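[1] show me how the following folds:
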Amino acid sequence: MSNYKIKKTYYTIILLVFNLFLIYFLIGAYGYLDSNKYRPYLFESNEDLEFHYKYSNQLNHLRNRKFTGDLNSYLFNYINKIGDEKILLLGDSWFDQINGNGYEKSLEELINYSKKNKKTILNGGISSYSPSLFFLQYKILKNEFNIYPKILVIHIDQTDLGDENCRYKDKKIYDDQGNLNAIERFDYDYQIFNGIKIYKYSDIKLNSNFFSKIFKLSNFTIEYFFKKNFYRIKQFNKNGWLNDEQRSFYKCRFKVIKSYLSEVKKKENDYFQMVLKEFFDYLEKENNIDKIIITTFPHKNHLNGLYKTNVSTIIDETLKDYSDKFYHLNFTINDINKKINENIYVENDEASHLTPNFHYEIFIKSIINNLDNMLVNSF
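    Residues are numbered from 1 along each chain as shown. You can find the predicted model right below:
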């Protein structure tokens, strides 16, 4: 081979290596810019990161940020800690929001009840949780945090019907005995609570020096690209080409979650009832629990007739097979129903959350009244 050809080959290899390195560097730079978008959500310590990652592997998602200095409050927090008997609140944002600004009256009412009756109250509310996740969360709180409540208060929201059928049904993991073990995270699709980037970017931020960060960001960006597209290919093979309306269902957008209430869907309602029974069967056998209060509340579209399915009805039907250990605080037919009108809901809120004042005045006060009645009847 002539010297010219040797030099040409040599320079071609150098140019190729340089271009590959440049592309690799640019991918890392892209990863750096992308990680900056997530900066407000990144974890501040490895302890936080490891805790959140561990339990999201079982529970799909946790709270995004702690409400107290206690690490456990990613998963639950104490509203007030006094006495040996525990009351545990399980639910979605209806309980979760008590920890945030604006709902101080609801929080104060629960604290006062706790002090008056010397009962510890724990809040396990996490946004977008539904019965399958309540079930897993309860077992974790009992088995890993030694929480054995005497009273369980579970809020089952109207949107839980759509959550169970659309978001979580295909993510469930069972063991060989048929026991529910986990619900997978939404790591490589466009659903809510896509946590894998937050975890990886947090790990890189916490455990990398300046020089290694760019390489780790490049590697993760490449890995994420291939895994995400592999996931998409699997979905394509499963569902075929999707139009915009079909993609809405595939991605479980909120308009899809609401659609399970807009009409009566027997198959989906039956599945939801099966999910409830799986959870209730377990709770029925829990000797530490004396009473289980299940709350359901109509959404705004129930009042104007746009929703044809009411989760409250499914709960009533399901509870016919269970003991009086269960009590359904059904706001659709409860005496308090006369106070329910369109003005009690947060304006333009598709999920029909209550305004802070009505959350306190109607929802929390009614729960506490029922707790008081239970105490009276126990003597």
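
[2] quick one: name whatever helix or strand follows the worst-scoring helix or strand of the chain on mean pLDDT.
    The helix or strand of the chain with the poorest confidence is helix 244-250; it has a mean of 53 (mean pLDDT, DSSP states H and E). Downstream of helix 244-250, the first helix or strand assigned by DSSP states H and E is helix 254-262.

[3] restricting to C-alpha, output that following helix in PDB.
    Taking Å, rounded to 0.1, in the frame of the first residue of the first chain, the C-alpha atoms of helix 254-262 are listed here in PDB:
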ATOM      1  CA  PHE A 254     -57.500  12.800  31.600                       C
ATOM      2  CA  LYS A 255     -60.400  13.100  29.100                       C
ATOM      3  CA  VAL A 256     -60.000   9.300  28.800                       C
ATOM      4  CA  ILE A 257     -60.100   8.800  32.600                       C
ATOM      5  CA  LYS A 258     -63.300  10.900  32.700                       C
ATOM      6  CA  SER A 259     -64.900   8.800  29.900                       C
ATOM      7  CA  TYR A 260     -65.300   5.800  32.200                       C
ATOM      8  CA  LEU A 261     -67.800   8.000  34.100                       C
ATOM      9  CA  SER A 262     -69.500   9.500  31.000                       C
END
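
[4] buried sites along it?
    By 16 or more other C-beta atoms under 10 Å, the buried positions in helix 254-262 come out as 256, 257, 258, 259, 260, 261. For every residue, glycine as well, the C-beta is placed using N, CA and C.

[5] go on, stretch 109-127?
    109-110, 113-114, 117, 119-127.

[6] that stretch spans what distance, first to last residue?
    21 Å (C-alpha to C-alpha, to the nearest Å).

[7] what about that stretch, distance to the chain center?
    21 Å (C-alpha atoms, centre = their mean, to the nearest Å).

[8] got the contact list for residue 263?
    308, 309 (C-beta atoms under 8 Å, 6 or more residues apart in numbering).

[9] do that again at 10 Å, thanks
    307, 308, 309 (C-beta atoms under 10 Å, 6 or more residues apart in numbering).

[10] any of these buried? List them.
    307, 309.

[11] out of the contacts of residue 263, the closest to residue 187 would be?
    residue 309 (30.9 Å; C-beta to C-beta).

[12] distance check, that closest one against residue 267.
    As judged by C-beta to C-beta, to the nearest Å, residue 309 and residue 267 stand 12 Å apart.

[13] now, the most widely separated pair of the buried residues of stretch 109-127?
    117 and 127 (28.3 Å).

[14] after the longest helix seen in the chain, heading C-terminal, what element do we hit next?
    What stands out as the longest helix in the chain, according to DSSP state H, is helix 3-37. Once the chain leaves helix 3-37, the next helix or strand it forms, by DSSP H and E, is helix 46-59.

[15] next SSE after that next one?
    As the chain continues past helix 46-59, the following element, by DSSP H and E, is strand 77-80.

[16] low-confidence ranges, the stretch 251-379 of the chain, go.
    Along the stretch 251-379 of the chain, the parts satisfying pLDDT under 70 run over 251, 334-338, 375-379.

[17] and if we set it to 80?
    Within the stretch 251-379 of the chain, the stretches with pLDDT under 80 are 251, 333-339, 374-379.

[18] quick one, helices of it?
    Along the stretch 251-379 of the chain, the segments classed as helices by DSSP state H, counting those that start in this stretch run 254-262, 266-284, 300-303, 311-319, 356-358, 365-377.

[19] tell me which of those helices sits nearest to residue 105.
    Of the helices of the stretch 251-379 of the chain, the one closest to residue 105 (C-beta to C-beta) turns out to be helix 356-358, at 6.6 Å.

[20] which parts of that closest one count as buried, going by neighbours?
    In helix 356-358, counting by 16+ other C-beta under 10 Å, buried: 356, 358.

[21] show me what it is packed up against.
    On a contact count with 3 or more C-beta pairs under 10 Å, 6 or more residues apart in numbering; DSSP states H and E, helix 356-358 meets helix 104-117.

[22] paired strands for the helix or strand that the helix it packs on is followed by, with orientation please.
    The helix or strand immediately downstream of helix 104-117 is strand 120-123, counting by DSSP H and E. Within its sheet, strand 120-123 is paired with strand 77-80 (antiparallel), strand 86-90 (parallel), according to DSSP bridges.

[23] what helices and strands are in contact with the following helix or strand past strand 120-123?
    Per DSSP H and E, strand 120-123 leads on to helix 131-145 as the next helix or strand towards the C-terminus. Where contact means 3+ C-beta pairs under 10 Å, 6+ apart, helix 131-145 is packed against helix 46-59, strand 86-90, strand 151-155, helix 160-162, strand 180-183, helix 266-284.

[24] what helices or strands is the last one leaning on?
    For helix 266-284, the contact count by 3+ C-beta pairs under 10 Å, 6+ apart identifies helix 131-145, strand 151-155, helix 160-162, strand 180-183, helix 254-262, strand 291-296, helix 311-319, strand 326-330 as packing neighbours.

[25] list the buried ones in the first one?
    For helix 131-145, the buried set under the neighbour-count rule, 16+ other C-beta under 10 Å, comprises 131, 132, 133, 134, 135, 136, 137, 138, 140, 141.

[26] that one to helix 46-59, inter-axis angle?
    130 degrees (axes from the mean of the first three to the mean of the last three C-alpha atoms, to 10 degrees).

[27] contacting residues around residue 102?
    355, 356, 357, 359.

[28] what's the neighbour count on the residue nearest to the first one when sequence neighbours are not counted?
    Looking back up the chat, that one is residue 355. Residue nearest to residue 355 in three dimensions, not counting chain neighbours: residue 346, with 5.6 Å by C-beta to C-beta, 6 or more residues apart in numbering. Using other C-beta atoms under 10 Å, residue 346 is surrounded by 15 other residues.

[29] backbone phi and psi for residue 346, please?
    phi -60, psi 130 (degrees, to the nearest 10).
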